[in-house]
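Enquirer: what follows is a predicted structure for the sequence shown.
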Amino acid sequence: MSNISRYRLVCTLSFGDIYGQIIVWLIVIFLSLASALALMGASKPIYAISVVGLILVLTLPFLLFAFVTTLLNHIELNAVDPAASRSKTPTSTNPNQRPVQAAG
């Protein structure tokens, strides 16, 4: 566990990476709402509610899977040279300050 300080965890995820996923899911939701309104007009409200519920239940796991895999694809673990990282860090004016360390 002492080697964890030699690595840096970086997340490079941006909004543009998930933008297309959000747009596709919104299109699916709007299409399901349109079909529900059509079924409401056909005097079948039970079918309308069940269609919207079914589409939400079926699409949410896929949306969650897409978000999680996109996030995991944008997490990087970079090796850091301790000598190079010490030379780049600014010196503190307060001698009592210590760098933040992970608990555990």
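Expert: Structure received. Computed from a predicted model, the values in this text were never measured in an experiment.
Enquirer: so Asp17 touches His74, yeah?
Expert: Yes - the pair Asp17 / His74 is scored as a contact, 6.5 Å apart, by C-beta atoms under 8 Å. Glycine gets a C-beta too; all of them are placed from N, C-alpha and C.
Enquirer: scan the protein for its longest helix.
Expert: Secondary structure of the chain per DSSP state H: the longest helix is helix 45-73.
Enquirer: for Ile22, see how far away the residue lying farthest from the centre of the chain is.
Expert: Within the chain, Ser43 marks the point farthest from the mean C-alpha position, 39.9 Å out by C-alpha atoms, centre = their mean. Taking C-beta to C-beta, to the nearest Å as the measure, Ser43 falls 34 Å from Ile22.
Enquirer: same question, Ala36
Expert: Relative to Ile22, Ala36 is positioned 21 Å away (criterion: C-beta to C-beta).
Enquirer: out of the two, which sits in the more crowded spot?
Expert: Residue environment comparison for Ala36 versus Ile22 gives the larger neighbour count to Ala36, 20 against 13, counting by other C-beta atoms under 10 Å.
Enquirer: run the chain-centre distance for stretch 39-47.
Expert: A distance of 36 Å separates the C-alpha centroid of stretch 39-47 from that of its chain, computed with C-alpha atoms, centre = their mean, to the nearest Å.
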